[in-house]
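Q: give me a model of this one.
(one chain, ligands or ions: 2)
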Amino acid sequence: MSRTALIGTGVMGETLLAGLLHAGWAPTGIVGADRRESRRHELEGRYGVKTEEFAADAVAGADTVILVVKPQDVADLLPEIAANLAPGAVVVSLCAGVTTGQLEDGLPADTPVVRVMPNTPAQVSEGMAAVSAGAHASAVDLEKAVDIMEAVGKAIVVPERYQDAVTALSGSGPAYLFFVVEAMIDAGVGLGLPRDISTALVNQTMYGSAKLLVESERHPTLLREMVTSPAGTTAAALRHLEERSVKAAFMAAIEAARDRSEELGRRD
Ligand SMILES: NC(=O)C1=CN([C@@H]2O[C@H](COP(=O)(O)OP(=O)(O)OC[C@H]3O[C@@H](n4cnc5c(N)ncnc54)[C@H](O)[C@@H]3O)[C@@H](O)[C@H]2O)C=CC1
Ligand SMILES: O=C(O)[C@@H]1CCC=N1
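A: Ligands and ions are numbered 1, 2, ... in the order given. The predicted model follows:
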């Protein structure tokens, strides 16, 4: 039976684990590793998977090793797993900024490495992931990573040079949308709506708008124009957003995220 080791079971590690189990993967085929004892107990109780304290133990005998630790922890992790990595095992990294070259340098020669940028909507099987092959990853290895990510949403293959931009856009993207949601809910409360009513209005507006965007396949400008009646309420609101350069602020914010991803990938 194939065995997948999931190294790091924090927010993103649990997201992937839950998604894979929801997609029908057997808990017996997955072993988690986390340094935190409390986390290991939580995961074992919640999902019935086996967990290990040390990554090296989880990796032994695994044909796929998925790294979901913070980028800052990767350098210490690689020597831990390198010694126990099974020949031919594919290493799939979800760590922001960390390049396939950095990973290959810390792993046995010719280890197939695939870099992936996922996002948290994978928790509800609506993730968006971008996948890039390292120097020694075959088409089959790349497909393995795509299959893993497609179990929890959509996945596309991109050249690795796009990964920092992808990280800034779809990796961090859910946080930008939740930020807008918070702002809208607070605005509703500011206008006198009870918080639960404001939340219900905003949540469904977000959900319905996202569904309309995807299902209609119409350009967002057209969809926005459909809402904007001449001399109406939307025009009055959009004027305020334009006066405050909100679009430019989004662009600058996403550039900052791209720069941070590049920084995380820089070798010391
Ligand atoms: N949270 C998100 O929305 C996304 C996160 N990512 C990437 O996923 C990775 C993890 O992020 P989060 O889950 O948010 O962080 P987190 O801090 O929630 O989880 C990291 C986990 O790794 C464990 N860990 C650290 N070193 C370890 C080791 N040597 N052996 C075993 N376990 C170890 C920690 O105990 C912790 O539970 C990061 O590289 C991040 O860039 C990527 C896309 C989205
Ligand atoms: O904030 C971060 O660094 C991670 C990567 C993309 C989303 N969360």
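Q: tell me if Leu222 really is in a helix.
A: Yes. Counting by DSSP: H, G, I helix; E, B strand; the rest coil, Leu222 is part of a helix.
Q: where does the residue of the chain most remote from its centre land in three-state SS?
A: Farthest-out residue of the chain from its mean C-alpha position, per CA atoms, centre = their mean: Ala231, at 40.5 Å. Classification of Ala231 by three-state DSSP places it in coil.
Q: show the pLDDT at the nearest residue to Arg260 once chain neighbours are set aside.
A: Nearest residue to Arg260, sequence neighbours excluded (CB to CB, 6 or more residues apart in numbering): Gly97, at 7.5 Å. (Glycine included, C-beta is placed from N, CA and C.) Per-residue pLDDT puts Gly97 at 95.
Q: quick one, phi psi at Gly97?
A: With angles defined as degrees, to the nearest 10, Gly97 sits at phi 80, psi -30.
Q: thinking it is in contact with Asp164, fair?
A: Yes. Taking contacts as CB atoms under 8 Å, Gly97 lies within contact range of Asp164: 6.9 Å.
Q: give me the common contacts of these two.
A: Taking CB atoms under 8 Å, 6 or more residues apart in numbering as the contact rule, the neighbours common to Gly97 and Asp164 are Ser261, Glu262, Gly265.
Q: of those residues, which is the nearest to ligand 2?
A: Ser261 (7.4 Å; CB to the nearest ligand atom).
Q: and that closest one, how close does it get to Gly48?
A: As judged by CB to CB, to the nearest Å, Ser261 and Gly48 stand 35 Å apart.
Q: those two: which has the busier surroundings?
A: Taking other CB atoms under 10 Å, Ser261 and Gly48 do not tie; Ser261 has more neighbours (22 against 12).
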